[in-house]
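Q: here's a sequence, model it:
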Amino acid sequence: MKKKEDISIIKKKNCFGCYACVNACFKDCVSMHEDEEGFRYPQIDYEKCNSCGNCVNSCPSVNYITKDDRVNSLLPVAYSTYALDEEIRKQSSSGGVFSLLANYVLSQQGVVFGAVWEGIDYVKHIKAASIEELPPLRTSKYLQSDVGFTFRETKRELEQNKLVLFAGTPCQIAGLKTYLKKEYIKLITCDLVCHGVPSAKIFRKFLEEMNFLYNSKPVAYYRDGSKGKLPSLFTMDFENGQSITLHIQGNIFNHGFTANLFQRQPCVSCNFAKIPRIADITLGDDVRTNRRTDKKLREEGLSFITINTQKGLQVYENIKNELDSVEYSVRDIRMAHIAYPPYPNIWRKCFFRDVKNGKGVLETIDKYCNNKIFRKLRGLCVRFVAMYRRVKTGYK
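A: Numbering: from 1, shown residues only. Sure thing, here's the model as predicted:
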């Protein structure tokens, strides 16, 4: 008998770390392990493997059908919006739309799956079945979450005819769909305006260097909305009770993240982080706030939401009375970072090489992001890629 292919045929440049293969293996012989760059990839225990092929058959990289001309299809309907409930907005990273979606699902005796922090350097997916379990799922997380076996849990809940909201990155939503292998009427999917996932190893090194600089161990790092949502502020709390606030322009780690310096390899060519979106609903921060004249409202935070499917529209109709929404124009949608995946950074390999050779993370990020020559060369590369994408997709 010919041995079936397994997940080992997927190259690193095509693996998103979505955990679909882990959930699909009936014998639990696929597990995720971190590589030298700090990203998790699947490994197989061949002593337990029976070569069933379920792992590779659930991989979105090889099974999710996409078309090169898909961006020429109808654009989603998008809004700049915020929750009318001020308390919900205070507890959220931006406008509080995710909370309203989750509250609606829970009010229908459904369940919500989303990401939560566990400690300062680890994010995982969990299930929330009540309003009391919802707060940890709010706010932004800047690491790729450990999905664990939540795809299996999602399937069990759906088979019990429960309404399920699953929120995650576009690749995680694609992985869930290829794992399930069929559409479920009661599954609502929500993805993010994704900027790629950063290296967990680089984030840990960043924390170590902050520990050295401030003579205390960091215990929390989060986007702090207590002083306004714009411009973005990041707060780091330390073991000795000290706290520092980092402005988005002065946060060196954020410089590297926004420049795609240490993102996962396939993020810059992701088939799921572009139009048409993979999920029913897409959420993000509304950074194009010029459509709102109220300065106080802009500072309090606005959400960007796109309605991508008929199912997404039905859910939006159920919560729209709790929102204040202004519709995006077609051009604005194209410019809102949902039409394309993140741009590649030509200095990525050099960055990881320098860190491997013992250079400090903060020093190396500053080198490749703020040095005029490196920044100019990267800008030329980005413009070339942008021009190529516009020609290929027909966007102007």
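Q: contacts, neighbours, all on C-alpha from now
A: Fine.
Q: neighbouring strands for the strand or helix carrying residue 191, and are they parallel or not?
A: Element membership of residue 191 [criterion: DSSP states H and E] is strand 187-192. Paired neighbours of strand 187-192 in the sheet (DSSP bridges): strand 164-167 (parallel), strand 281-285 (parallel).
Q: who are the packing partners of the next helix or strand after the first one?
A: Taking DSSP H and E as the definition, the helix or strand that follows strand 164-167 towards the C-terminus is helix 170-180. Packing partners of helix 170-180 (3 or more Cα pairs under 8 Å, 6 or more residues apart in numbering; DSSP states H and E): helix 20-24, helix 60-63, helix 150-159, strand 187-192.
Q: centroid residue for the chain?
A: Central residue of the chain (Cα atoms, centre = their mean): residue 169, 3.8 Å from the mean position.
Q: backbone torsions only: list them for that one.
A: phi -70, psi 160 (degrees, to the nearest 10).
Q: got a pLDDT number for it?
A: pLDDT, residue 169: 95.
Q: that one reaches residue 192, doesn't it?
A: Yes: taking contacts as Cα atoms under 8 Å, residue 169 lies within contact range of residue 192: 5.5 Å.
Q: report the secondary structure state of the nearest residue to residue 269 once chain neighbours are set aside.
A: Distance criterion Cα to Cα, 6 or more residues apart in numbering; nearest residue to residue 269, sequence neighbours excluded, is residue 341 at 6.3 Å. Put simply, residue 341 is coil when judged by DSSP: H, G, I helix; E, B strand; the rest coil.
Q: next, residue 341: phi, psi?
A: phi -70, psi 170.
Q: count of residues packed around it?
A: Using other Cα atoms under 10 Å, the number of residues around residue 341 comes to 21.
Q: check contacts around it.
A: Shown in contact with residue 341 (Cα atoms under 8 Å, 6 or more residues apart in numbering): 194-196, 267-271, 273-274.
Q: 7 Å - rerun?
A: Residues counted as contacts of residue 341 (Cα atoms under 7 Å, 6 or more residues apart in numbering) are 267-270, 273-274.
Q: just give me the least confident of these.
A: Minimum pLDDT across the contacts of residue 341 is recorded for residue 274, with 83.
Q: that one: what's it in contact with?
A: When contacts are counted by Cα under 7 Å, 6+ apart, residue 274 touches 338-341.
Q: and of those residues, the nearest to residue 32?
A: Using Cα to Cα, residue 341 comes nearest to residue 32 of the contacts of residue 274, at 24.3 Å.
Q: of the contacts of residue 274, just say which sits nearest to residue 121.
A: residue 341 (24.9 Å).
Q: roughly how far apart are residue 177 and residue 275?
A: According to Cα to Cα, to the nearest Å, residue 177 stands 17 Å off from residue 275.
Q: so which residues of the stretch 201-350 of the chain form helices?
A: Along the stretch 201-350 of the chain, counting by DSSP state H, counting those that start in this stretch, helices occupy 252-258, 295-300, 310-319, 330-334, 348-356.
Q: repeat for the stretch 1-150 of the chain
A: Using DSSP H, counting those that start in this stretch, the helices of the stretch 1-150 of the chain run over residues 20-24, 54-57, 60-63, 86-90, 97-107, 150-159.
Q: now for the second one, which elements pack on it?
A: For helix 54-57, the packing partners by 3 or more Cα pairs under 7 Å, 6 or more residues apart in numbering; DSSP states H and E come out as helix 20-24.
Q: give me the buried positions along the helix it packs on.
A: Within helix 20-24, the residues that count as buried by 16 or more other Cα atoms under 10 Å are 20-24.
Q: likewise for stretch 309-328?
A: By neighbour count on 16+ other Cα under 10 Å, the buried set for stretch 309-328 is 309, 311-313, 315-316, 320, 323, 325, 327-328.
Q: pipe those into TSV and attach distance to residue 42 and pLDDT per row.
A: Shown next, in TSV, are the buried residues of stretch 309-328 (distance: Cα to Cα, whole Å; pLDDT from 0 to 100):
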residue	distance to residue 42	pLDDT
309	32	89
311	33	91
312	32	92
313	36	92
315	35	94
316	36	94
320	41	92
323	41	90
325	42	87
327	41	84
328	40	79
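Q: tabulate the residues you listed (CSV), appending distance to residue 132.
A: Listed next are those as CSV, based on distance: Cα to Cα, whole Å:
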residue, distance to residue 132
309, 29
311, 26
312, 25
313, 27
315, 22
316, 23
320, 23
323, 22
325, 27
327, 32
328, 34
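Q: turn the strands paired with strand 187-192 into a markdown table, columns for mean neighbour count.
A: Below are the strands paired with strand 187-192 laid out as a markdown table (neighbours: other Cα atoms under 10 Å):
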| stretch | mean neighbour count |
| --- | --- |
| strand 164-167 | 25 |
| strand 281-285 | 24 |
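Q: check which helices and strands the helix or strand harbouring residue 385 sits against.
A: Using DSSP H and E, residue 385 sits in helix 372-393. In this structure, helix 372-393 makes packing contacts with helix 361-370, judged by 3+ Cα pairs under 7 Å, 6+ apart.
Q: hmm, back to that, hey, least reliable of the strands paired with strand 187-192 by pLDDT?
A: Mean pLDDT is lowest for strand 281-285 among these, at a mean of 89.
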